[in-house]
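Novice: Give me the fold of what follows.
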Amino acid sequence: MSIISSPRVRTAHRPTSQDRPGPAPRSRALAAAGLAAIGPATWGTTYVTTTELLPPDRPLLAAALRALPAGLILLALTRRLPSGDWWWKAGVLGLLNFGAFFPLLFFGAYHLPGGVASTVSAVMPLLVAGFGVGVLKVRPTRRTLAAGLVGVVGVALLVLRGSASVDLAGIVAMLTATTLMALAVVLSKRWGRPEGVSLLALTGWQLTAGGLVLAPIALGFEGLPDHFTGANLAGYAYLGIIGTAIAYALWFRGIERLPASSVSFLGLTNPVVATLAGLLLLGQTLTLWQVGGLVLVLASVFLGQGRRTARKHS
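Specialist: Residues are numbered from 1 along each chain as shown. Reported below is the predicted structural model:
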C-alpha cells in the first residue's frame with residue numbers, strides 16, 4: 001500500500017463560520033442531525049456487546065482492538081496521511097476521542113449496568129456548552145442550558161431510582177470519559193477539517209493515533225487471552241466496523257455541519273438505545289421513575305435541537 005501525504009493540507013474551517021452558519025434549510029439540518037444520531041445510537045449497543053460478547057476484565061484490549069484495526073483500514077482505503085499542524089491535531093483528537101476515552105468507556109462498561117453507564121454521558125451537552133464559551137467564544141442560550149438540565153434530571157432519575165447497583169469508580173470513569181469527549185467536540189469544531197481531506201481519512205487519523213497509544217498499554221497490562229472465541233471476534237468486528245469506523249465518521253460529519261451544542265444533544269440517543277438494549281437483550285426492567293427519566297432524556301434531545309437550525313446557533 002502506498003500512502004500519499006499531501007503537501008497542500010490547508011487551514012481548517014474557522015469556528016465562526018461553523019457555529020454561525022446562518023439560515024440553513026431546516027430539512028438539511030434535520031437530515032444532518034438524523035445521520036449524526038446514528039453514531040451515538042450505535043454506541044448505545046457498546047455495553048451489551050462488551051458484557052455479552054467480549055472477554056471479561058480486558059477493557060484496554062477491547063479499546064485497542066476497537067480503535068487500531070478500524071483506523072488502519074480507513075487509512076488503507078483513503079490513502080491519505082496528515083501534514084503540517086494536523087499531525088499533532090490528529091494526535092490530540094485521537095487521544096481525546098479514543099486513546100483516553102475508550103479505556104474509561106470500557107472500564108465503565110465493565111463496572112456499571114449498560115443503561116447506567118451510558119446515561120451518565122447525558123451531562124455532555126452542558127460540558128460542551130461550558131467548553132464552547134472558552135474555545136468557540138459562543139455563549140449557550142437559556143434554551144440550551146434548560147435542555148441540558150432536563151437531560152441531567154433524566155439521567156438522575158434513571159441512575160438513582162434504578163434497581164441496578166451503582167459502582168462509584170465506574171461513575172467517575174464515565175464522567176471523565178464524557179468530559180474528554182465534550183472537549184473533543186469543541187476542538188473538532190474549532191479546527192474543522194483540512195480542505196480536500198475526506199471524513200473517513202480524518203476519522204482514520206484519529207483512530208490510528210488513539211489505537212497506537214492503546215495497543216502497547218493493553219499488551220503490557222492485560223496481554224492477549226489464551227484464545228478468542230467466535231463470539232469474541234464477532235463482538236470486536238461489530239465494535240470496530242459498525243460502532244467505530246462508520247459511527248464516528250457520521251458523528252464527525254454532524255460536528256462539521258451542526259452547532260456543537262446541537263450535536264452534543266444527539267449523544268443522548270446513546271442511553272436511550274442502551275436502555276432499550278438492556279430491556280430487550282438482558283432482561284432488565286425499568287421502574288416508573290426510570291420511565292420518567294427516559295421521557296425527560298428524549299425531551300432534552302428535542303429541546304436541544306430547537307429553533308437554532310433556522311437562527312443563529314448557540
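
Novice: going forward, measure contacts and count neighbours with C-alpha atoms only.
Specialist: Fine.

Novice: which residue packs closest to Asn232, ignoring adjacent ones?
Specialist: In this structure, Asn232 finds its nearest non-sequential neighbour in Leu54, 4.8 Å apart by Cα to Cα, 6 or more residues apart in numbering.

Novice: ok, now Leu35?
Specialist: Leu250 (6.3 Å).

Novice: Pretty sure the one you found sits against Ile38.
Specialist: Yes. With contact defined as Cα atoms under 8 Å, Leu250 counts as touching Ile38 (7.2 Å).

Novice: between those two, which one's more packed in?
Specialist: The neighbour comparison of Leu250 against Ile38 (other Cα atoms under 10 Å) goes to Leu250, with 24 against 21.

Novice: Torsion angles phi and psi at that one?
Specialist: The phi/psi pair for Leu250 (degrees, to the nearest 10) reads phi -70, psi -40.

Novice: residue contacts, it?
Specialist: 35-36, 38-39 (Cα atoms under 8 Å, 6 or more residues apart in numbering).

Novice: Quick one, which of these are buried?
Specialist: Among the contacts of Leu250, those scoring as buried are 36, 38-39 (criterion: 16 or more other Cα atoms under 10 Å).

Novice: from the contacts of Leu250, which ones fall inside helices?
Specialist: 35-36, 38-39 (DSSP state H).

Novice: Output the below-cut-off pLDDT ranges for this protein.
Specialist: Scanning the chain for pLDDT under 70 picks out 1-25, 109, 113-119, 155, 158-166, 274, 278, 282-284, 306-314.

Novice: quick one, phi psi at Pro56?
Specialist: According to degrees, to the nearest 10, Pro56 has phi -70, psi 150.

Novice: give me every residue that touches it.
Specialist: For Pro56, the residues meeting the contact criterion (Cα under 8 Å, 6+ apart) are Tyr110.

Novice: thinking again about what came up before, what's the spacing between the residue nearest to Leu35 and Leu266?
Specialist: 12 Å (Cα to Cα, to the nearest Å).

Novice: I'd guessed Val272 sits against Leu294; true?
Specialist: Yes. Shown here, Val272 and Leu294 form a contact pair, counting by Cα under 8 Å, at 7.0 Å.

Novice: so what sits against both of Leu250 and Ile38?
Specialist: By Cα under 8 Å, 6+ apart, no residue touches both Leu250 and Ile38.

Novice: what comes up buried for stretch 211-220?
Specialist: Here stretch 211-220 shows 211-215, 218 as buried, counting by 16+ other Cα under 10 Å.

Novice: Could you list the residues in contact with that stretch?
Specialist: Residues contacting stretch 211-220 (Cα under 8 Å, 6+ apart): 60-61, 63-65, 67-69, 71, 95, 98-99.

Novice: Could you rerun that using 10 Å?
Specialist: 58-72, 91, 94-95, 98-100, 102-103, 205-208, 222-224 (Cα atoms under 10 Å, 6 or more residues apart in numbering).

Novice: Inside helices: which ones of those?
Specialist: 59-72, 91, 94, 102-103, 205-208.

Novice: in the stretch 51-200 of the chain, which spans are helices?
Specialist: Taking DSSP state H, counting those that start in this stretch as the test, the helices found in the stretch 51-200 of the chain are 59-78, 86-94, 101-111, 114-119, 124-135, 142-160, 168-191, 199-221.

Novice: quick one, which of those is packed in tightest?
Specialist: helix 114-119 (a mean of 29; mean count of other Cα atoms under 10 Å).

Novice: quick revisit: could the contacts of Leu250 go into TSV alongside distance to Gly148?
Specialist: Formatted as TSV, the contacts of Leu250 follow (distance: Cα to Cα, whole Å):
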residue	distance to Gly148
Leu35	21
Ala36	19
Ile38	20
Gly39	20
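
Novice: Can you get me a residue count around the nearest residue to Leu268 once chain neighbours are set aside?
Specialist: Leaving aside its sequence neighbours, Leu268 sits nearest to Ala122 (Cα to Cα, 6+ apart; 5.6 Å). Burial of Ala122 is recorded as 31 neighbouring residues (other Cα under 10 Å).

Novice: isn't Arg257 right up against Gly34?
Specialist: No. The criterion here is Cα atoms under 10 Å, and Arg257 misses it with Gly34 at 11.8 Å.
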